[in-house]
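# have a look; sequence and predicted model below, questions after that.
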Amino acid sequence: MTTETMPVLETGWEPDTPADDTLLRRGVLALAATWEATGEVDGARLYRDDRFAAVDLGRPTGLFNSATLLWPLPDEQFHSTVERIERFYDAGGAGTALLWCPWPTPDLTGRGWVLQGHPPLLYRPAGLPVERRQPDDLSVTEVTTEDALAEWCAVAVGAFPLTGVDPPTGLFDPAILEDERFRFVTGHVGGRAVGVGCQVVVQGTNVLLLSTVRPEDRGRGYYAALVADRLARAPHLPSVTIVSDDSRPALVGRFGFLPVTRFTLWERPRP
């Protein structure tokens, strides 16, 4: 068979490949779309081509100045792509930039990047039952007002923690409450906010985002209750999330999430 007659073989990462071709592809596209949705609401600079998607809010966010690689780049294209990402973030603004890659990467420390770890991507099929065992002292409420969003932001920034966000209550623009893709919930005990969670519906996927409980309130079932609430709101959709190794056991063991891969996460200060 000659080169001219060889069929084009699907790699699973062409631009027109369906999002549900693999669990990994669904997760990668949903994560990139989540950062983009956040940026659209907050007036960020956005960029996307066939190699990566990038969002820049131009201020310290602790998370949302994020670029996501969209397919497994060959070695000869990797550093040139990272250079393009660097130029995008160096064009202005403040705050560090994050690079999310669902595959192992070359060492980027010589370029000024700092390795932040390898957080696992988890996937949960649609239609699974949701076990809800909410602690008696916890009330979970949906965020619908600017004051409630400011409280939500303060808990998220302090509990993760997200560094450099000033003021902590301004992590999200209040306009996000009008965006139907987003839903925020806060857990209260005795009137005090102890934990928060967000979900974003993009790419036909329920993305669990920014799930955390204050350190002094952990180990009491609050985190799981916040997860269950968001899963129960979209039982017809598959769910994905990227979490720490501390949160992973509850999501896998109790809620049926499947480990897909570990991302490589890099952070780079602006010059």
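Arrived safely, thanks for sending.

# tell me which helix or strand comes right after the helix or strand hosting Ile85.
Per DSSP states H and E, Ile85 falls inside helix 75-90. Next helix or strand after helix 75-90 toward the C-terminus (DSSP H and E): strand 97-101.

# that next one versus helix 75-90: what angle between them?
150 degrees (axes from the mean of the first three to the mean of the last three CA atoms, to 10 degrees).

# mind listing the strands strand 97-101 pairs with, and their directions?
Next to strand 97-101 in the sheet, as set by DSSP bridges, lie strand 66-69 (parallel), strand 264-268 (antiparallel).

# would you map out the domains in the protein?
Split into domains by automatic domain parsing, the chain comes to 19-120+264-268, 138-260.

# which ones are touching the closest residue to Ile176 other than its chain neighbours?
Spatial nearest neighbour of Ile176, excluding adjacent residues (CB to CB, 6 or more residues apart in numbering): Val41 at 4.5 Å. In this view, the C-beta of every residue, glycine as well, is placed from N, C-alpha and C. Contact partners of Val41, counting by CB atoms under 8 Å, 6 or more residues apart in numbering, are Phe172, Asp173, Ala175, Ile176, Asp179, Phe182.

# what does Pro259 give?
Pro120, Leu121, Leu122, Arg248, Val252.

# which residues does the helix or strand where the second one lies contact?
With secondary structure defined by DSSP H and E, Leu121 is part of strand 120-124. Residues from elsewhere that reach strand 120-124 (CB under 8 Å, 6+ apart): 23-24, 26-27, 31, 102, 231, 238-243, 245, 248, 251-252, 255-263.

# which of those residues are buried?
23-24, 26-27, 31, 102, 231, 238-243, 248, 251-252, 255-257, 260-263 (16 or more other CB atoms under 10 Å).

# good, wrapping up.
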